[in-house]
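S.K.: Let me see the structure of the following:
(chains A and B)
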Amino acid sequence: MEVQRLRILQLHSNFIEIEAVEKEIALAEETDKKKDRLEELAVLFTSVEEGDNTNVARKAMENTKASLDKLKVNRILIYPYAHLSNTLAKPADALKLIKEMEKVAKDLGFETYRTPFGWNKKFSISIKGHPLAEQFRIVTGDEAEEEPVSEALKAEEKLKSFWHILQTDGKLVPVEEFDFKGHKNLEKLAKYEIEKVRAVQQVPPHVKLMRRLEIADYEPGSDPGNLRWYPKGRLIKSLLEQYVTKQVIEYGGMEVETPVMYDIQHPSIAHYLERFPARQYLLKSDKRDFFLRFSACFGQFLMVHDAQFSYRQLPLRIYELTRYAFRREKSGELTGLRRLRGFTMPDCHALVADLDQAKEEFLVRFKLSKEILEKGLELNKDEDFELAIRFTKDFYEENKDFILSLVKLFNKPVLVEMWEERFFYFVLKWEFNFVDNLDKASALSTDQIDIENAQRYEMTYVDEKGEKQYPLVLHCSPSGGIERGVYALLEKAHRDSKRGKAPILPLWLSPTQVRIIPVAERFLEDAEKLMKEIEGHQIRVDLDDRSITLGKKVREAEREWVNYILVIGEKELSSDVLPVRDRKAGKKIRKMKLQELITEIKGKAGDKPFKPLTLPKLLSKRPQFAF
RNA sequence: GCCUCGGUGGCUCAGCCCGGUAGAGCGGCAGCCUUGUAAGCUGUUGGUCGCGGGAUCAAAUCCCGCCCGAGGCUCCA
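M.R.: Reported below is the predicted structural model:
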């Protein structure tokens, strides 16, 4: 015999807003609270069926307790909801059981709320994106069995990953069988991705450095993960931003700017939000709810949606330096410049006609990204970063040669994650991962082939026959987050110092490239003349005019990682040879003519962007921001 | 969210276990020194000891509660 069952739809929610509109039945409860808003809770939409008894109600709450303990949720809202059943209990019985559930919930220690029974209500709800956020439970009288029919659980199945190393000869080796000799960082990346290795408890080196070098710092007056940038840090960050933008424009990116906030109700966006589990910053303006963007996708897609273009204009490349993108990561996940809630991300999309064009474009962007890391950040692929490629099994079977061509471009074995089925909106994705001093891996550059969003945003082009077609969309951040770039530079510098090398920033990013130190006050005037001359060549130079000892000035210049130090005194004024203390050359003092030094610096800086020093050039006029 | 650690002058930290009127170094400021490649000397300024409560004659120190931060875990398109 068919047993009647109590039905609960359990939704782990950011918030719910309820408004009781009008009474629907005579039995409706009185309520003094017509409107309510609750946050961070599980909402239990509950239908009581014919034949349910208090025993069922009790078991339902016990099951709920077991489920919610796993999610660490202790606040619940019991919401009588008739629409889950077509064999509803009589209102009087239902109300009785609802009240019983409420009582049991309180006994179990839940912070329990309930909406009034018998009302026509309206509500807005924001559901968390994680896999267990939505669950449907049916509780029977005798066994109280649980049948989780969660969509998300099915999704977890799809997500089953297989980890391999793909070698340059095309051989796909399971990770556990691969010999990592000579590939230590790749091993660390694999371990980090698969096992999530434990690190020693210590402050990451770059966090100390970012403060000591007056680059960036935590801002107690803001939300965690939103940093302040001191003049030197702003200079470095700004140069990186300019450089990446310049490279992307050369590649053909059309630079645009789009809003930082979007209406949560916008139909295309709402779907996209479901697919992106990161938590958002929400904000209210009048009666509408907005979220702060977590990438530049929306803005660019909405713009492209309204644009008119044909196959002749493909690939269509659109770019924004997203300042900022916001992701409300959990507080415990934030780390210095590695993981932030507000960050700067170059985001470049390319719309392409078909898979062949996608592949072609993908290779171009792969090379662009690699060049930005190698030439811009001066990272070395052989010791600083590793490639990971992720794809579905089907895509791999059909595109082996293409995937291998990426590996060959990288010319090193790469980490591969393969999925049985597609769950995300992309079929292929790669990232360059930096491995830091604590053996943590972080993605820098990335690109992916998206096969869903053209439809979702109704982005179409006109083909040769004059018919509308959906393009494929490539999503690329050619450098990764700019903050993460700075993180990588600092971690790399720290690694150098552990190996006995002087830590240093790439010359073109160094706030002070040349420091002039006069031996005594009477040489100040000549030192300033020298400074003006060097400055005229677009070189960042400053002057330590403080009345402290020479030794101390040299020490402080070295602690600031100044690239070249010039000490000026009697000897220098009577000859045209300068004693150049070169940090990169092991702090050796090199005898050079001024013109030789200028030529060397200009040569090393190459065609990178230049900005003048944004601090007083006299050290005596400079405030201290940190340490 | 969970676990761990922490919150004492601008910064880094000691003092707390074992209660008795707040310490050091760095920095800042004033002065001396005028310097030849990683810390010159002297003096001086600066602190509701995160917040609230409790027990005590007496709390930075003991007890309870809370807030904030960091790291780790979890999570991660």
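S.K.: Flag every buried residue along stretch A:281-291.
M.R.: A:281, A:290, A:291 (16 or more other C-beta atoms under 10 Å). For the C-beta atoms, the positions are set from N, CA and C on the backbone; glycine is no exception.
S.K.: Can you name the residues bridging to the last one?
M.R.: This points to residue A:291. The bridge-partner assignment for residue A:291, based on DSSP bridges, gives residue A:262, residue A:282.
S.K.: how close does it sit to residue A:325?
M.R.: 12 Å (C-beta to C-beta, to the nearest Å).
S.K.: show me the residues around residue A:450 that make contact.
M.R.: A:425, A:426, A:472, A:473, A:474, A:475 (C-beta atoms under 8 Å, 6 or more residues apart in numbering).
S.K.: which of these has the weakest pLDDT?
M.R.: Lowest pLDDT among the contacts of residue A:450: residue A:425, with 82.
S.K.: Tell me how many other residues crowd the residue in the stretch 201-350 of chain A positioned nearest to RNA strand B.
M.R.: RNA strand B sits closest to residue A:332 of the stretch 201-350 of chain A, with a gap of 2.3 Å, by C-beta to the nearest atom of the strand. Per other C-beta atoms under 10 Å, the neighbour tally for residue A:332 reads 7.
S.K.: hang on, it is in a strand, isn't it?
M.R.: No. Residue A:332 is assigned helix when assessed by DSSP: H, G, I helix; E, B strand; the rest coil, not a strand.
S.K.: what separates it from residue A:255, distance-wise?
M.R.: 36 Å.
S.K.: about what we covered before: touching both of residue A:291 and residue A:325, which residues are there?
M.R.: In contact with both residue A:291 and residue A:325: no residue, using C-beta under 8 Å, 6+ apart.
S.K.: Quick check: the farthest pair among the contacts of residue A:450?
M.R.: Farthest apart among those by C-beta to C-beta are A:425 and A:474. That separation is 12.1 Å.
S.K.: Direction included, what does whichever strand in chain A runs longest pair against?
M.R.: Longest strand in chain A by number of residues (criterion: DSSP state E): strand A:5-23. According to DSSP bridges, strand A:5-23 forms sheet pairs with strand A:35-47 (antiparallel), strand A:119-127 (antiparallel), strand A:134-140 (antiparallel).
S.K.: Quick one: distance of stretch A:405-417 to the chain centre.
M.R.: 23 Å (C-alpha atoms, centre = their mean, to the nearest Å).
S.K.: again with stretch A:388-401
M.R.: Relative to its parent chain, stretch A:388-401 has a centroid offset of 24 Å by C-alpha atoms, centre = their mean.
S.K.: Show me what counts as buried in the helix ranked longest in chain A.
M.R.: Longest helix in chain A by number of residues (criterion: DSSP state H): helix A:231-251. Judged by neighbour count using 16+ other C-beta under 10 Å, the buried positions of helix A:231-251 are A:231-237, A:239-241, A:243-245, A:247-248, A:251.
S.K.: Could I get the average pLDDT for that helix?
M.R.: Averaging pLDDT along helix A:231-251 gives 96.
S.K.: what's the answer for stretch A:601-616, then?
M.R.: Per-region confidence: stretch A:601-616 scores 95 on mean pLDDT.
S.K.: So it, near RNA strand B or not?
M.R.: No. Against RNA strand B, stretch A:601-616 shows no contacts by C-beta under 7 Å from any atom of the strand, the least distance being 12.8 Å.
S.K.: CA-only coordinates of that stretch in CSV, if you can.
M.R.: Extracted in CSV, the C-alpha atoms of stretch A:601-616 (Å, rounded to 0.1, in the frame of the first residue of the first chain):
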residue,chain,number,x,y,z
ILE,A,601,68.6,50.9,-18.1
LYS,A,602,66.7,52.0,-21.3
GLY,A,603,67.8,48.7,-22.9
LYS,A,604,66.5,46.6,-20.1
ALA,A,605,63.2,48.4,-19.8
GLY,A,606,62.7,47.9,-23.5
ASP,A,607,59.3,49.0,-24.8
LYS,A,608,57.5,48.5,-21.5
PRO,A,609,55.3,51.4,-20.3
PHE,A,610,56.9,54.1,-18.2
LYS,A,611,55.5,56.2,-15.4
PRO,A,612,57.5,58.8,-13.4
LEU,A,613,58.0,58.3,-9.8
THR,A,614,54.9,59.3,-7.8
LEU,A,615,56.7,60.1,-4.6
PRO,A,616,58.8,63.2,-3.6
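S.K.: who's in contact with that stretch?
M.R.: Stretch A:601-616 has contacts (C-beta under 8 Å, 6+ apart) with A:231-232, A:234-235, A:238-239, A:242-243, A:246, A:376, A:507-508, A:511-514, A:535, A:537-542, A:563-564, A:622.
S.K.: Which members of those additionally contact RNA strand B?
M.R.: Counting by C-beta under 7 Å from any atom of the strand, no member of the contacts of stretch A:601-616 is near RNA strand B.
S.K.: who are the neighbours in contact with residue A:204?
M.R.: For residue A:204, the contact set (C-beta under 8 Å, 6+ apart) comprises A:335, A:336, A:338, A:436, A:437, A:438, A:440, A:491.
S.K.: I meant to write residue A:268 there.
M.R.: A:298, A:301, A:302, A:305, A:456, A:457, A:458.
S.K.: ok so, going back, can you list the buried residues of stretch A:281-291 in TSV and add pLDDT?
M.R.: Shown next, in TSV, are the buried residues of stretch A:281-291 (pLDDT from 0 to 100):
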residue	pLDDT
A:281	83
A:290	85
A:291	86
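S.K.: I'd like those residues as TSV, with distance to residue A:58 appended.
M.R.: Below are these laid out as TSV (distance: C-beta to C-beta, whole Å):
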residue	distance to residue A:58
A:281	40
A:290	42
A:291	39
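S.K.: how many other residues sit next to residue A:211?
M.R.: 18.
S.K.: That one is in contact with residue A:626, isn't it?
M.R.: Yes. Under the criterion of C-beta atoms under 8 Å, residue A:211 makes contact with residue A:626 at 4.7 Å.
S.K.: Where does the stretch 1-150 of chain A get nearest to RNA strand B, which residue?
M.R.: Using C-beta to the nearest atom of the strand, the single residue of the stretch 1-150 of chain A nearest to RNA strand B is residue A:72, 3.5 Å away.
S.K.: Out of the contacts of residue A:268, the closest to residue A:163 would be?
M.R.: Nearest to residue A:163, judged by C-beta to C-beta, of the contacts of residue A:268 is residue A:456 at 30.1 Å.
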